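> Next one to model:
(chains A and B)
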Amino acid sequence: MDANADEVTVAVAANFAGPLAKIGEGFTAATGHTLRVSSGSTGKFYSQIISGAPFEVLIAADDETPRKLMAEGYGVTDSSFTYAIGKLVLWSAQPGYVDDQGAVLTIGNYAHLAIANPKLAPYGRAGLEVLKARGLGETVAPKLVTAESIAQAYQFAATGNAELGFVALSQVAVPGKPATGSYWLVPPTLYGEIRQDAVLLKTGEKNQAAAALLAYLKSPAAKAVIQSYGYGP
Amino acid sequence: MSAETWAAIRLTAELAGLSTLLLLLLGTPLAWWLARTRSAWKPLWASLVAMPLVLPPTVLGFYLLLMMGPHGPVGQFTQWLGIGRLPFTFGGLVVASVLYSMPFVVQPLQQAFEAIPERLLEAAATLRASPWDRFASIALPLARPGFVTASVLGFAHTVGEFGVVLMIGGNIPGQTRVLSVALYDHVEAAEFAEAHRLAAGMVVFSLVVLVTLYVVNRPARDEAQPAR
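Below is the predicted model of the structure:
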């Protein structure tokens, strides 16, 4: 193994876990460094990081958490940047269930709508904004099933236990795999932009692999992977 | 404390109370059978009852989610009955709790039944007491400490349930957001003040419950022993 090869411990928002695995392959091939990845909700990582979790890089699902971490001294000043714009979809594992206007939200006969915990996950918050924009905030509230991250929201819908779920496009449109079920790509006008930032944490300041990973995230190779999962540039 | 916290406390008490009641109803005959049977299948049944002690809750949660889902056998059965599906409902949590807390109820009962001398039951039989009579007037009173332990542990263990609820509950206020999940939520969201209140409350609750259990069960045991 390369003498200069290091390992970087990464916390990644659940919606980006798939793309990161792919990017990680290219990163390791290009630099020799390896990744140790934990995936979960951004809010959960925030409270773990301020409690001393050993993450060196946070790849978040929003821009607010990295900003807060830098302001509070847990993130390296000015190290954050936007690596992707998240796209929200309303998804069902059942083909043909979701129409391309999202009318199913109003007229559909569904018992459960899975959503990531809005307190912890930006995609969850975006989902609530969509319901509010459609005037469904109150009628749909009793049907909401709150998952601890967007990965669990996807799982609730994938097992069919929830007929519908607000998930990330990256979970549904996996490159090289046919899309399953049916989904509505929610117009970005219905929710606040999901600007996903990455940040170097203080624990990773001296790890060259951490800096290399952030640099690699900005590379054309990484950008191509990110766009192939349907993220905005 | 907030209304939300009270709702979680009430829900947790309802879940634990109902599960314990069902466990006593189901567990008593099962424990009696396990204590008395000479069947070659006994080790298998005893192992099945004890499984939740050794399995991670995630195993149970995963299988329940699949089994009770729209494509699972339990899910298809409940839908055929017209009661819908169990995940994300209070009923689903009750089913999960009954499975998950089973050993905490069945094992103390089984041990209590096993401690009853066979000759007492045989003596009653020679006096023409029916099997039901022997059970009701000899076994049940003698097994009282076992019932106390079973009820308290069944209740307390259901209150302490977390992993299974997290996987099949869906965190719905008033439906499935029990105390342990509400606490987890607060911790994850860095709401430490509210988290402290719940966590400290549960520490005190568990301590009180266990101390009460040991105090209540002590005299009964002493009586059973010959005077020293």
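
> quick one, phi/psi of the residue in chain B that chain A sits nearest to?
In chain B, the residue that lies nearest chain A is residue B:170 (3.5 Å; CB to the nearest CB). For glycine as for every other residue, the C-beta is placed from the backbone atoms N, C-alpha and C. Residue B:170 adopts backbone torsions of phi 80, psi 10, taken as degrees, to the nearest 10.

> Can you check what pLDDT the model gives it?
Predicted confidence (pLDDT) for residue B:170: 87.

> Let me see the contact set for it.
Shown in contact with residue B:170 (CB atoms under 8 Å, 6 or more residues apart in numbering or on different chains): A:112, A:114, A:145, A:146, A:147, A:156, A:162, B:87, B:88, B:176.

> who's in contact with the closest residue to the fifth one other than its chain neighbours?
Excluding its sequence neighbours, the residue lying closest to residue A:147 (CB to CB, 6 or more residues apart in numbering or on different chains) is residue A:153, at 3.9 Å. Applying CB under 8 Å, 6+ apart, we find residue A:153 in contact with A:114, A:115, A:116, A:123, A:124, A:147, A:165, A:166, A:167.

> Looks to me like residue A:153 is in a helix.
Yes - the assignment for residue A:153 is a helix, going by DSSP: H, G, I helix; E, B strand; the rest coil.

> tell me the SS of the closest residue to residue A:101 other than its chain neighbours?
Using CB to CB, 6+ apart and skipping residues adjacent in sequence, the residue nearest residue A:101 is residue A:184, 6.9 Å away. The local conformation at residue A:184, judged by three-state DSSP, is strand.

> do the same with residue A:91
Using three-state DSSP, the structure places residue A:91 in strand.

> Give me the neighbour count for the nearest residue to it once chain neighbours are set aside.
Of all residues not flanking residue A:91 in the chain, residue A:183 sits nearest, at 4.2 Å (CB to CB, 6+ apart). With neighbours defined by other CB atoms under 10 Å in any protein chain shown, the count for residue A:183 comes to 24.

> How about residue A:5?
When neighbours are defined as other CB under 10 Å, residue A:5 has 13 of them.

> And for residue A:85?
Counted with other CB under 10 Å, residues neighbouring residue A:85 total 14.

> where are the low-confidence patches of the chain?
If you meant another chain, say so; for now it's chain A. When residues are selected by pLDDT under 70, those of chain A lie in A:1-3.

> wrong one, I was asking about chain B
Within chain B, the ranges that satisfy pLDDT under 70 run B:219-228.

> Can you pull the residues of it lying near chain A?
Counting by CB under 8 Å from any CB of the partner chain, chain B comes close to chain A at B:65-66, B:68-71, B:84-85, B:87-88, B:166, B:170-172, B:184-185, B:187-190.
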